[in-house]
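A.B. asks: Okay, structure incoming, though there's no sequence with it:
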């Protein structure tokens, strides 16, 4: 009787442990990202729906594996017979089932995490590009220039490359699940040749596009940052500057701060509400967005609205106290 109670308590412990480990680790991450800024805290809470489907099945698989290893050792089952012995076979099959669940959960989470912002950014940008045409752009970034043609091509390639890892993961998951459901491990335990080839192809189709995205993104951001800074350095004193569609009286102070545009090392923050800055100088213009940093209120992320990539990814940052008081009056 006492042994049955102890066995039930031990079983309950192993069932509860994955949930406890998940809650603990999610709590640690959220606490490390928690600040006094409510907007930043909203961003920290995003970790919950992302980390739970990643961590819980992983910890469940790990705990079942440890539980099975302990049981096999206690019963004196050799490691070579662990999969075939009837005493350890149920736990072994349970581990394999949770491995499938873990991989499927990771893939679904990754695909959702990547697909949603890409879709939103593309649809959101479609409404913004019209304003750029009406305002005009720096000549080097205007239609007809070689630089614009290059950036437009790279921008399109980046958007297409995002789809390849997603497709590769889905196809790889289908082959993996199909192979596992075929219970190949119950016969000779040899990995099917087709699975090996598909695995190598999936890994290549996943990592190669990601590496290319990093390289092309760096190139686009560097070119745009250089051209924007060059244009700002040559803006005349007669330029008109508006903040959120309201013309300001001292445009040169804003231009001087924008000239500080540079790359800044990431510090686990994100851009909050955006501010639209428009500069009109003779027949040319420049429209950019500034997003206040979630941790440093005097740091602003700079987004160039001419391309999909630079609309959702910063081309650099500036540090200034100018907008702190002036923008409150404008918003």
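C.D. replies: Great, that's in hand. Bear in mind the structure is a predicted one, so any value in this text is a computation, not a measurement. Numbering: from 1, shown residues only.
A.B. asks: Can you give the domain ranges for this protein?
C.D. replies: Domain ranges of the chain: 1-135, 232-330, per automatic domain parsing.
A.B. asks: weakest of those in terms of mean pLDDT?
C.D. replies: Averaged per stretch, pLDDT over the domains of the chain is lowest on domain 1-135, reaching a mean of 71.
A.B. asks: Out of the domains of the chain, which is closest to residue 148?
C.D. replies: domain 232-330 (7.9 Å; CB to CB). All C-beta spots, glycine's among them, are computed from the backbone N, C-alpha and C.
A.B. asks: count of residues packed around residue 31?
C.D. replies: Using other CB atoms under 10 Å, the number of residues around residue 31 comes to 9.
A.B. asks: picking up where we left off before, tell me the most buried of the domains of the chain?
C.D. replies: Highest mean neighbour count of the domains of the chain: domain 232-330, a mean of 17 (counted as mean count of other CB atoms under 10 Å).
A.B. asks: sorry, back to before: now the domains of the chain as TSV including distance to residue 175?
C.D. replies: Output for the domains of the chain, formatted as TSV (distance: least, CB to CB, whole Å):
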stretch	distance to residue 175
domain 1-135	11
domain 232-330	32
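A.B. asks: For the stretch 101-250 of the chain, which segments are assigned as strands?
C.D. replies: 240-243, 246-247 (DSSP state E, counting those that start in this stretch).
A.B. asks: want to throw those into a markdown table with distance to residue 65?
C.D. replies: Shown next, in a markdown table, are the strands of the stretch 101-250 of the chain (distance: least, CB to CB, whole Å):
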| stretch | distance to residue 65 |
| --- | --- |
| strand 240-243 | 58 |
| strand 246-247 | 62 |
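A.B. asks: Of all the ones you listed, which one is nearest residue 295?
C.D. replies: Per CB to CB, nearest to residue 295 of these: strand 240-243, 22.8 Å.
A.B. asks: who's in contact with that closest one?
C.D. replies: Strand 240-243 is contacted by residues 247-248, 251, 254-255, 275-281, 323, 326-327, 330 when judged by CB atoms under 8 Å, 6 or more residues apart in numbering.
A.B. asks: just how off-centre is that strand within its chain?
C.D. replies: 33 Å (CA atoms, centre = their mean, to the nearest Å).
A.B. asks: do the same with stretch 204-212
C.D. replies: For stretch 204-212, the distance to the chain centre is 15 Å (CA atoms, centre = their mean).
A.B. asks: What distance do you get for residue 280 to residue 236?
C.D. replies: Distance of residue 280 to residue 236, given as CB to CB, to the nearest Å: 11 Å.
A.B. asks: likewise residue 26?
C.D. replies: 53 Å.
A.B. asks: before we move on, what about residue 307?
C.D. replies: 26 Å.
A.B. asks: repeat for residue 249
C.D. replies: 17 Å.
A.B. asks: same deal with residue 255?
C.D. replies: From residue 255 to residue 236 the distance is 10 Å (CB to CB).
A.B. asks: Quick one: the helices in the chain, in order.
C.D. replies: 2-33, 38-45, 47-75, 89-135, 146-161, 163-181, 193-233, 251-258, 308-312, 322-330 (DSSP state H).
A.B. asks: Tell me what angle the first one forms with helix 47-75.
C.D. replies: For the pair helix 2-33 and helix 47-75, the angle between their directions (axes from the mean of the first three to the mean of the last three CA atoms, to 10 degrees) equals 150 degrees.
A.B. asks: what's helix 2-33 packed up against?
C.D. replies: helix 38-45, helix 47-75 (3 or more CB pairs under 8 Å, 6 or more residues apart in numbering; DSSP states H and E).
A.B. asks: if we go to 7 Å?
C.D. replies: Judged by 3 or more CB pairs under 7 Å, 6 or more residues apart in numbering; DSSP states H and E, helix 2-33 is in contact with helix 47-75.
A.B. asks: So which other helices or strands are in contact with the helix it packs on?
C.D. replies: By 3+ CB pairs under 7 Å, 6+ apart, helix 47-75 packs against helix 2-33, helix 89-135.
A.B. asks: Could you find the closest non-adjacent residue to residue 303?
C.D. replies: residue 289 (4.2 Å; CB to CB, 6 or more residues apart in numbering).
A.B. asks: next one: residue 280
C.D. replies: Using CB to CB, 6+ apart, the closest residue to residue 280 is residue 240 (4.5 Å).
A.B. asks: rewinding a little: show me the one of the domains of the chain that comes nearest residue 209.
C.D. replies: Per CB to CB, nearest to residue 209 of the domains of the chain: domain 1-135, 11.5 Å.
A.B. asks: measure residue 260 to residue 161 for me?
C.D. replies: 32 Å.
A.B. asks: How about residue 287?
C.D. replies: 27 Å.
A.B. asks: got it, and residue 275?
C.D. replies: 30 Å.
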